[in-house]
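Participant: how would this look folded up:
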Amino acid sequence: MKRVITYGTYDLLHWGHIRLLKRAKELGDYLIVALSSDEFNAIKGKKAYHNYEERRLMLEAIRYVDLVIPENHWDQKINDIIDYHVDVFVMGDDWKGKFDELKEYCEVVYLPRTEGISTTKIKEDLETLNR
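Facilitator: As a prediction, this is how the structure comes out:
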């Protein structure tokens, strides 16, 4: 079985997220999503609209996702790759090159982002609508 892992906050879930998860799943048989915890988001200076449990429930309902685990800190990726026997690490290409050190442990793939959609864009569009 080929295992794939990706990381993210997945707040304000949108079709770009779904496309990323679908393409990640196509790289293997089993997709693990490491979901940023509320505490980790605070460390990163991010504030999610939905809390961790709500985001986890939404991700678990997506047919491409086999397992959701918490992401609690930046340095857990190598341990996750080893502990979950991961073959492929996937991130959006806006992170290109930032995780190349993981190539020592598994294949690293940077997928193109979906044009025209992002959580930031949704927040900006909502702000514009509410003016």
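Participant: Now do the contacts for residue 23.
Facilitator: Applying C-beta atoms under 8 Å, 6 or more residues apart in numbering to residue 23 gives the contacts 90, 111. Placement of C-beta: from N, CA and C, glycine included.
Participant: count of neighbours near residue 45?
Facilitator: When neighbours are counted by other C-beta atoms under 10 Å, residue 45 registers 6.
Participant: any idea how far residue 95 is from it?
Facilitator: Remark: distance between residue 45 and residue 95 (C-beta to C-beta, to the nearest Å) = 17 Å.
Participant: Same question for residue 34.
Facilitator: 13 Å.
Participant: Neighbour count for those two, which is higher?
Facilitator: In terms of neighbours (other C-beta under 10 Å), residue 34 is the more surrounded of residue 34 and residue 95; the figures are 20 against 15.
Participant: residue contacts, the nearest residue to residue 51 once chain neighbours are set aside?
Facilitator: Among residues not flanking residue 51 along the chain, residue 38 sits closest, at 5.8 Å (C-beta to C-beta, 6 or more residues apart in numbering). Applying C-beta under 8 Å, 6+ apart to residue 38 gives the contacts 48, 51-52.
Participant: Got the phi and psi for residue 38?
Facilitator: Dihedral pair for residue 38: phi -60, psi -40, per degrees, to the nearest 10.
Participant: before we move on, what about residue 90?
Facilitator: According to degrees, to the nearest 10, residue 90 has phi -130, psi 140.
Participant: Number the chain from 35, please
Facilitator: Done: numbering now begins at 35, and the last item shifts to residue 124.
Participant: Next one: it relative to residue 151, how far apart?
Facilitator: Residue 124 is 18 Å from residue 151, by C-beta to C-beta.
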